[in-house]
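J.: just a sequence and a predicted model for now, questions to come.
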Amino acid sequence: MAFNTLNQVIGSLENHGGLQQSQEFQSLLRCWPEVVGAAVMAQTRPLAVDRGVLKVATSSAVWAQQLMFQRRQILAKLNLRLPAPLVDIRFSTAQWHKPLMAEPATQEQTVLWREHPSRVLDTPAGDKIEPKPAVKEPKAAFQQWAEGIQARTQSLPLCEQCQCPAPPGELQRWGICALCATKGW
Ligand SMILES: [Zn+2]
């Protein structure tokens, strides 16, 4: 996998303009950590510069989205440091790979890699793409569900009577949550 990643980077450099391109990209790689900071650096991997457009792989769609909102600021900071200014940045999960220094592969990582979006791109056109398993593992599925519920619950307003999170519709209708409203009937 490490060789794959390297070959892809080298391949895309060669495809898009030889030595000058690679020098430009090298200076970008040097200032990238300083510009985005450690947290973002861990979730991103600059792939190539293509006609002034920097392509960056991100660890997830959420990161890609967040960084798209900040790309003007990132671009401005990068251009202060780069010999040739960039015109734009594209973030995508498509070519994200595990860091070369990753800890030894565990079962979980194997599963994640198998479901990784880049694997789909590896599939030659015309080949059937295997459907993802619907539920990985009951425990993991439950955990995911519980976190979803918790995230939703935390953003809900509280019922005045029992101080429990309640859907805004219930509070609007009865002034209290449905459970408390039922008790009063
Ligand atoms: Zn209540």
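T.: Arrived safely. Predicted, not measured: the structure shown is a model, and the values here were computed from it.
J.: what's near enough to touch Glu24?
T.: Counting by Cβ atoms under 8 Å, 6 or more residues apart in numbering, Glu24 touches 49, 82-84. Quick note: C-beta positions are derived from backbone N, CA and C, even for glycine.
J.: of these, just say which sits nearest to Ala38.
T.: Leu82 (20.4 Å; Cβ to Cβ).
J.: how about the helix ranked longest in the chain: buried residues?
T.: Longest helix of the chain, by residue count under DSSP state H: helix 18-36. Neighbour-count burial for helix 18-36 flags 21-22, 24-25, 27-28, 32, 35-36 (criterion: 16 or more other Cβ atoms under 10 Å).
J.: all the strands of the chain, residue numbers only.
T.: Assigned by DSSP state E, the chain shows strands spanning 44-50, 53-58, 88-92.
J.: can you put these in JSON lines and add mean neighbour count and mean pLDDT?
T.: Shown next, in JSON lines, are the strands of the chain (neighbours: other Cβ atoms under 10 Å; pLDDT from 0 to 100):
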{"stretch": "strand 44-50", "mean neighbour count": "20", "mean pLDDT": "90"}
{"stretch": "strand 53-58", "mean neighbour count": "20", "mean pLDDT": "93"}
{"stretch": "strand 88-92", "mean neighbour count": "17", "mean pLDDT": "93"}
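J.: I'm done for today, thanks for sticking with me.
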